[in-house]
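K.L.:
fold the following for me, if possible:
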Amino acid sequence: MMRLQPINLILAALLVSAPAVQARDGDLDQRVQRLEQLTQSRGLMEMLSRIEQLQQEVQQLRGDVEVQGHTLEQLRQRQRDLYMDVDRRLQQLESGGGAPSAVVPGAAAAGAADSDRIPVLPSRPATSGDGAEAPDPDAGVGQREQYQQALDILREGRYMQAAEAFRGFLEAHPDSAYAGNAQYWLAESFYVTRQFPQALEEFGEVVEAYPDSNKVADARLKIGFIHYEMEDWEAARRELEAVTRSYPGTTAARLAEERLLRLKREGH
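P.N.:
All right, here's what the predicted structure looks like:
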């Protein structure tokens, strides 16, 4: 019986320690479960944070797309305005081409800024160097045909070829009664293709070189428009206001007033 006593003690010790071991195992399982829950919760939070960040990025992209769409529509509207303006002027020119009014070089008529009619050249120069009529009946006809050819190219929408044709006309006939109009349409060829610096220079040449031309008001209007397109708001406002003061009651003045109102609406 004495020999069995140690065994009994060992068994008793095991029985006593078993619940503690089980308790430790159970506590370990709970800790593992809590760690798993924390890990899952942290991953979920990171996922939610990432989703929120993606939503913000999508909203920002949508806003950028809307801004770009608005800017594109503004550019399209400006382009349509350019083409409509040229088309209107060419239609006026065509409607007046059947019975054009005579324009005396150096004379400026009231309201002439609205006229796109082709001036009528005499069939020959008025006088020769000694005061007699010079016998050159084909000079005026040749100028008129060359000018008309350049204008036809412009009507067809071949703007750079039209610019070359008008420039060639001006080089060949710098003192022609058509010169002011040719210079204006040369500038218009660059304007409608949005080559604004070149157009600005060419329209300025209309004002400087042909101050009595019936195209001066239109040229100054376009100078104001070009400053607007180049976002030089102060220069645009200054030139447009000058057109309204200098040419009241004309189409150029009305268009200048409309653009001034647009500047005001846009906060410039």
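
K.L.:
residue ranges with poor pLDDT in the stretch 101-250 of the chain?
P.N.:
101-141 (pLDDT under 70).

K.L.:
one more time with 50
P.N.:
Low-confidence segments of the stretch 101-250 of the chain (pLDDT under 50): 101-139.

K.L.:
could you pull out the helices for this structure?
P.N.:
4-96, 139-155, 159-172, 179-192, 196-209, 216-229, 233-246, 251-265 (DSSP state H).

K.L.:
go through the fifth one and flag the buried ones.
P.N.:
If I follow you right, that is helix 196-209. Phe196, Gln198, Ala199, Leu200, Glu202, Phe203, Gly204, Glu205, Val206, Val207 (16 or more other Cβ atoms under 10 Å). To be clear about C-beta, it is placed using only N, CA and C from the backbone, and glycine gets the same treatment.

K.L.:
need the residues you listed in TSV with distance to Ala242, can you?
P.N.:
Listed next are these as TSV, based on distance: Cβ to Cβ, whole Å:
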residue	distance to Ala242
Phe196	19
Gln198	22
Ala199	18
Leu200	15
Glu202	19
Phe203	14
Gly204	14
Glu205	18
Val206	15
Val207	11
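
K.L.:
give me the contact list for stretch 198-211.
P.N.:
Stretch 198-211 has contacts (Cβ atoms under 8 Å, 6 or more residues apart in numbering) with 179-180, 183-184, 186-188, 190-191, 213, 215-216, 219-220, 222-223, 226-227.

K.L.:
can I get that stretch in CSV, CA atoms only?
P.N.:
C-alpha atoms of stretch 198-211 as CSV (Å, rounded to 0.1, in the frame of the first residue of the first chain):
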residue,chain,number,x,y,z
GLN,A,198,-0.7,87.6,-86.7
ALA,A,199,-4.3,88.7,-87.1
LEU,A,200,-3.7,91.5,-84.6
GLU,A,201,-0.8,92.8,-86.6
GLU,A,202,-2.7,92.7,-89.9
PHE,A,203,-5.8,94.4,-88.5
GLY,A,204,-3.5,97.1,-87.0
GLU,A,205,-2.2,97.6,-90.5
VAL,A,206,-5.7,98.4,-91.7
VAL,A,207,-6.1,101.1,-89.1
GLU,A,208,-2.6,102.6,-89.7
ALA,A,209,-2.1,102.3,-93.4
TYR,A,210,-5.7,102.9,-94.5
PRO,A,211,-7.2,105.3,-92.0
